[in-house]
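# quick one, what's the 3D model for this:
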Amino acid sequence: MRIRATMAAATVTGSLALAAFAVPAAQATDQPSLAQAHQVAQKAAGHSAPQARSLTATEAGDPYVMDATFSNIKVNSGKSAIVVGTTNTVHVSYSFTFTHGSDVDPTADDFVPGVDLYRTDTDEGNALFGEAPATCTAASSTVANCNGSIDINPQEELTNVDAGAKWTGEAFAVAYNGQDPDSPSDPSKIGTAYQDAVSSNALQRYSKLTVNASPEPVKKGGTLTITGALTRANWDTHKYAGYTSQSVKLQFRKTSSSAYPTTYLKSVTSSSTGSLKTTSTATYDGYWRYNFLGTSTTPAVKATGDFVDVQ
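As a prediction, this is how the structure comes out:
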């Protein structure tokens with residue numbers, strides 16, 4: 001789920017501020033939403049606190065910051081790059097340890113924890129959330145282990161400008177403590193926790209690479225023509241399109257070898273349609289493949305080797 005809304009820092013003041021946290025109707029559910037809880041926690045922290053602090057409400061109607069901290073936060077198994085294609089929703093896993101005071105119950109039905117990713121190079125506050133809050137399991141009376149996912153649907157949530165941009169993770173939790181998230185009778189009973197910059201990630205456009213060496217078979221000393229295509233996901237059209245003007249490496253391994261050499265035969269530049277074409281002399285039986293080393297917006301990919309019998 002993606003929210004496109006201004007995320008400028010603000011001070012939470014009374015129930016009027018809570019009313020501003022309502023999510024669009026299409027995203028509202030019977031339970032508090034992640035986007036709504038995120039805004040409550042973020043604004044209570046002023047979007048500047050390096051970690052959650054132990055505070056009480058400073059004035060009537062203000063949510064308070066819980067006696068709680070996040071630790072051992074891991075997003076996408078610790079990997080920076082998140083690769084997304086054109087169709088399938090990608091579920092980016094995350095986990096964290098939530099250490100809290102004895103008055104906090106992270107297993108309560110109206111306790112809403114999560115992690116989201118937001119763009120740091122735009123003032124539009126683009127944020128990606130999961131479809132459901134994280135699930136927390138008590139490890140002790142003051143420690144819980146929480147797991148969830150950020151669910152990214154390329155059909156609805158991504159455009160090509162999102163690729164390669166820096167996305168920052170932030171962890172948050174809101175304990176509504178029996179209050180109605182949309183219309184709380186006493187907002188000062190709502191507890192929050194927030195921590196910014198828990199991960200640094202980049203979204204990449206899924207890439208594909210093909211190869212075909214011909215003729216097959218070929219006489220020893222004959223000329224092989226090696227063709228192929230480098231394509232990647234286009235999040236604007238939701239189709240795959242050629243990745244143009246990219247350097248792609250040509251590799252060959254003999255049948256007697258189990259690995260491709262670390263040196264490359266040559267570099268081939270993809271055309272305006274992403275196609276690849278070059279020639280080479282056939283000397284041994286073996287496998288030919290193209291190898292793309294990747295860019296900031298597009299992951300590395302290797303074609304499946306094409307076997308050629310040299311006679």
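# so what strands line up beside whatever helix or strand Thr137 lives in?
Counting by DSSP states H and E, the element that carries Thr137 is strand 135-138. Strand 135-138 has the following strand partners under DSSP bridges: strand 143-152 (antiparallel).
# which is the next helix or strand following the partner strand?
Counting by DSSP H and E, what follows strand 143-152 is helix 154-157.
# partners of the next helix-or-strand element following that next one in the sheet?
Note on helix 154-157: by DSSP H and E, the next helix or strand toward the C-terminus is strand 166-175. Here strand 166-175 has these sheet partners by DSSP bridges: strand 111-119 (antiparallel), strand 191-205 (antiparallel).
# show the average pLDDT along strand 166-175.
The pLDDT scores in strand 166-175 average 96.
# same question, stretch 188-208
pLDDT averaged over stretch 188-208 gives 97.
# so how far is that stretch off the chain centroid?
Centroid separation between stretch 188-208 and its chain, computed with C-alpha atoms, centre = their mean, to the nearest Å, is 9 Å.
# in it, what's buried?
By neighbour count on 16 or more other C-beta atoms under 10 Å, the buried set for stretch 188-208 is 188, 190-196, 198-199, 201-208. For the C-beta atoms, the positions are set from N, CA and C on the backbone; glycine is no exception.
# any idea which residue is closest to the centre of the protein?
Ile82 (4.5 Å; C-alpha atoms, centre = their mean).
# element containing it?
strand 81-84.
# alpha carbons of that strand, in PDB - could you do that?
What follows is strand 81-84, C-alpha atoms only, in PDB (Å, rounded to 0.1, in the frame of the first residue of the first chain):
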ATOM      1  CA  ALA A  81      18.100  -3.700  -3.200                       C
ATOM      2  CA  ILE A  82      14.400  -4.600  -3.600                       C
ATOM      3  CA  VAL A  83      13.700  -6.000  -7.000                       C
ATOM      4  CA  VAL A  84      10.100  -5.600  -8.400                       C
END
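# which residues sit against it?
The contact list for strand 81-84, computed with C-beta atoms under 8 Å, 6 or more residues apart in numbering, reads 76, 90, 92, 152, 154, 158, 167, 201-206, 233, 235, 299.
# just to revisit the earlier point, just list whatever residues bridge to the residue nearest to the centre of the chain.
Leu203.
# quick one: name whatever helix or strand follows the longest helix belonging to the chain.
Taking DSSP state H as the criterion, the chain has its longest helix at helix 34-44. The C-terminal neighbour of helix 34-44 among helices and strands, as given by DSSP H and E, is strand 64-65.
# for that next one, name the packing helices and strands.
For strand 64-65, the packing partners by 3 or more C-beta pairs under 8 Å, 6 or more residues apart in numbering; DSSP states H and E come out as strand 191-205.
# what angle do the strand it packs on and helix 34-44 make?
Going by axes from the mean of the first three to the mean of the last three C-alpha atoms, to 10 degrees, strand 191-205 is angled at 120 degrees with respect to helix 34-44.
# next up, the contacts around the residue nearest to Lys302 when sequence neighbours are not counted.
With C-beta to C-beta, 6 or more residues apart in numbering as the criterion, Lys302 has its nearest non-adjacent residue at 4.9 Å, and that residue is Asn291. By C-beta under 8 Å, 6+ apart, the contact set of Asn291 is 209, 248-251, 260, 264, 300, 302-303.
# same question, Val115
73, 75, 94, 96, 130, 134, 148, 150, 169-172, 198-199.
# Tyr264 now?
Tyr264 makes contact with 249-251, 291 under the criterion C-beta under 8 Å, 6+ apart.
# please flag which of these sit within strands.
249-251, 291 (DSSP state E).
# go ahead and confirm Gly130 touches Ile150.
Yes: at 5.1 Å, Gly130 and Ile150 qualify as touching, with contact defined as C-beta atoms under 8 Å.
# need the overlap of contacts for these two.
Common neighbours of Gly130 and Ile150 (C-beta under 8 Å, 6+ apart) are 115-116.
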